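Asker: One predicted model, sequence on top.
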Amino acid sequence: MSAPQGDVLEGAADSSADTGMTDPYLLVDLYPEDQGPRPPWDVLVNTPHFVGAIIKASQGVSGWYNDKGWFKTNWPALRDAGGDRSGKTWLRGAYHFLNFWQSGADQADFYLSCLDGAGGLMPDDIIPIVDVEQGNERNQNRRATSQQVIDCTTAWVERVKQSTGRRVCLYGRGAMRDLSITSKMGCDTVWNPAYTQTMVTHGLIPPWTLDEIALWQYCGDGTAAFDKLPKFISGFGTGKVDISVHIDGSQKPTLDSLNRALVA
């Protein structure tokens, strides 16, 4: 995933969220081009403060995206790497990158089929995640209207909720900011990308509240303005990964609050 364009230049400090800097709960997120076919998950499991990883399961509709088996390999590998910690102090999650010009419901079906083909979504896994972003300059998503984004995302969320009975997490902020979207689109919690010195929330609040933001992705590919949490993971491939920290509004984050926000 990538930060919404322009975030690094935003200087507004509009959040006083306690990021739990003294005892953080950190997660990485990866897609196939980040760390090769088999990331060293055991390194991450044994790195202090890291409690899991979120990986890309799918994009678009069936037949449009082909990761050559990357997700099918790494979804069970993530759980195996956690050992006795899995589902307790080691969590795994899977996200879908939305193509706004394709059917949201069909994309949900593709996401669910990718999960099923890799062993399924377990009750102690992170809830389904939908990645709502415009992408780079060449991405067709940049031509979508606000209503197209709302309709596509809402359809995806409705189908996934109907099929899994789970809540859904929204990843993103730039698309909502740039298109003035103030709908939650059926989502229940938020993962906020903001590679800034403090967690910028412009584009999310409103309609979301600070208490509904579960993760702050403060670091992208080893780049972050916030310097009180790690930007690099020693021994984990190139080390240049996206890193997020769990937040719990103005409260000090705990493992229980992480599970309430992203699993229960």
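Answerer: Sure thing, it's come through.
Asker: So the nearest residue to residue 129 once chain neighbours are set aside: helix, strand or coil?
Answerer: What sits nearest to residue 129 in space, not counting adjacent residues and going by C-beta to C-beta, 6 or more residues apart in numbering, is residue 95, at 3.8 Å. For every residue, glycine as well, the C-beta is placed using N, CA and C. Here residue 95 is strand, with the state taken from DSSP: H, G, I helix; E, B strand; the rest coil.
Asker: got it, and residue 176?
Answerer: helix.
Asker: tell me the contacts of it?
Answerer: 132, 182, 203-204 (C-beta atoms under 8 Å, 6 or more residues apart in numbering).
Asker: Repeat that for residue 179.
Answerer: For residue 179, the contacting residues are 144-146, 149, by C-beta under 8 Å, 6+ apart.
Asker: Just the closest of the residues you listed to residue 114, please.
Answerer: Compare each of the contacts of residue 179 with residue 114 using C-beta to C-beta and the shortest gap goes to residue 149, at 22.1 Å.
Asker: OK, contacts around the closest one?
Answerer: Taking C-beta under 8 Å, 6+ apart as the test, what residue 149 contacts is 100, 132, 175, 179, 181, 185.
Asker: Go ahead and flag the most central residue of the protein.
Answerer: residue 171 (5.2 Å; C-alpha atoms, centre = their mean).
Asker: picking up where we left off before, of the contacts of residue 149, which belong to helices?
Answerer: With helices taken from DSSP state H, the overlap with the contacts of residue 149 comprises residue 175.
Asker: which of the contacts of residue 149 count as buried?
Answerer: By neighbour count, with 16 or more other C-beta atoms under 10 Å, the contacts of residue 149 hold 100, 132, 175, 179, 181, 185 as buried.
Asker: picking up where we left off before, for PyMOL, what selects the buried ones among the contacts of residue 176?
Answerer: Selection of buried members from these for PyMOL, criterion 16+ other C-beta under 10 Å:
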select buried, resi 132+203+204
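Asker: Relative to residue 70, how far out is residue 26?
Answerer: The gap separating residue 26 from residue 70 is 22 Å, by C-beta to C-beta, to the nearest Å.
Asker: What is the subsequent helix or strand relative to whichever strand or helix holds residue 191?
Answerer: Secondary structure from DSSP states H and E places residue 191 in strand 189-193. Per DSSP H and E, the first helix or strand lying C-terminal to strand 189-193 is strand 213-219.
Asker: wait, residue 55 sits on residue 35?
Answerer: No: between residue 55 and residue 35 there is no contact under C-beta atoms under 8 Å: 10.2 Å.
Asker: between those two, who's got more neighbours?
Answerer: residue 55 (24 against 19; other C-beta atoms under 10 Å).
Asker: Run through the bridge partners of that one.
Answerer: residue 30, residue 94 (DSSP bridges).
Asker: If I look at it, what pLDDT would I see?
Answerer: Per-residue confidence at residue 55 stands at 98 (pLDDT).
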